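[1] sequence first, predicted coordinates after that:
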Amino acid sequence: MENLITKSITYLVVFLGVLFTLWVMNDDNPAEMSYEQQKQWAIVEAKEQGLQATKTATELNAIISERTREIAEEKTETLWNDVSTLINFSMITIYVAVGLVLLAFLYLAAIDMKKALRILIGVGVFTLFMVIVYFTSDGGGDPDMKLASTAINATGILIGIAILGWIGGSVVKFIR
């Protein structure tokens, strides 16, 4: 029963993480839009509203320029809201994981202190790894971007280690 609950929670967290990540990645990022693309978007809106028939060229240009600026601001705000949602989800997941690890450690310490100490050492090594990755990650002065950079870097490093372990295990089996 515990195994089923653990797997269900793990799959739910992974599913939500992937869902939030795809949500952010599929957002219209204004950084990827040139000024001309933003201006075209504003021009299309102006045409749809029929402003060319009611405004002079100077007024129309001013409206299009203002709307172009608003489009960039709206897209930036939407992107940051989505990124914040992903970061908040990650932080909640981290807090819950730390709480569960502490509870599991206390439970195991009551049963088998030697095994609990070995696990505590493993958690300490992982924590040290995350601290090192955090301080070596660059967020451009923004704490949220530093956290996102840390998550990306840690994921890349852990995937690399997993691939090396997988390849290394296959090579060792082949040599034997």
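    Yep, that arrived.
[2] counting contacts, what elements does the strand or helix carrying residue 119 pack onto?
    Residue 119 is part of helix 113-136, with elements assigned from DSSP states H and E. Other helices and strands packing on helix 113-136, by 3 or more Cβ pairs under 8 Å, 6 or more residues apart in numbering; DSSP states H and E, are helix 57-111, helix 143-175. All C-beta atoms are positioned from the backbone trio N, CA, C, and that covers glycine.
[3] possible to save the ones you listed as CSV with distance to residue 130?
    As requested, the helices and strands packed on helix 113-136 are exported to CSV (distance: least, Cβ to Cβ, whole Å):
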stretch, distance to residue 130
helix 57-111, 9
helix 143-175, 6
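[4] and the ones you listed as CSV, adding mean neighbour count?
    Putting the helices and strands packed on helix 113-136 into CSV (neighbours: other Cβ atoms under 10 Å) gives the following:
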stretch, mean neighbour count
helix 57-111, 13
helix 143-175, 12
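[5] got the domain boundaries for this protein?
    In terms of domains, the chain is parsed into 1-111, 112-176 (source: automatic domain parsing).
[6] what's the span of the last one, first residue to last?
    The reference is to domain 112-176. This stretch, domain 112-176, spans 36 Å end to end (Cα to Cα, to the nearest Å).
[7] also the first one?
    End-to-end distance of domain 1-111: 20 Å, with Cα to Cα as the criterion.
[8] hang on, the earlier thing: just give me the lowest mean pLDDT stretch among the domains of the chain.
    Here the lowest mean pLDDT among the domains of the chain goes to domain 1-111, at a mean of 81.
[9] before we move on, the earlier item: identify the residues contacting the helix holding residue 119?
    101, 105, 108-109, 146-147, 150, 153-154, 157 (Cβ atoms under 8 Å, 6 or more residues apart in numbering).
[10] next, format the residues you listed as CSV and append distance to residue 36.
    Supplementary listing: the contacts of helix 113-136 in CSV, determined by distance: Cβ to Cβ, whole Å:
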residue, distance to residue 36
101, 51
105, 57
108, 61
109, 63
146, 32
147, 33
150, 35
153, 34
154, 37
157, 39
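[11] closest one of these to residue 167?
    The closest of the contacts of helix 113-136 to residue 167 turns out to be residue 157 (Cβ to Cβ; 15.7 Å).
[12] which residues does the closest one contact?
    Contacts were defined as Cβ under 8 Å, 6+ apart; by that measure residue 157 touches residue 133.
[13] residue 35 contacts residue 69, doesn't it?
    No - using Cβ atoms under 8 Å, residue 35 makes no contact with residue 69, being 9.9 Å away.
[14] is residue 45 in contact with residue 67, as I believe?
    Yes - Residue 45 lies in contact with residue 67 (Cβ under 8 Å); the separation is 6.2 Å.
[15] if anything else comes up later, I'll come back, but that's it for now.
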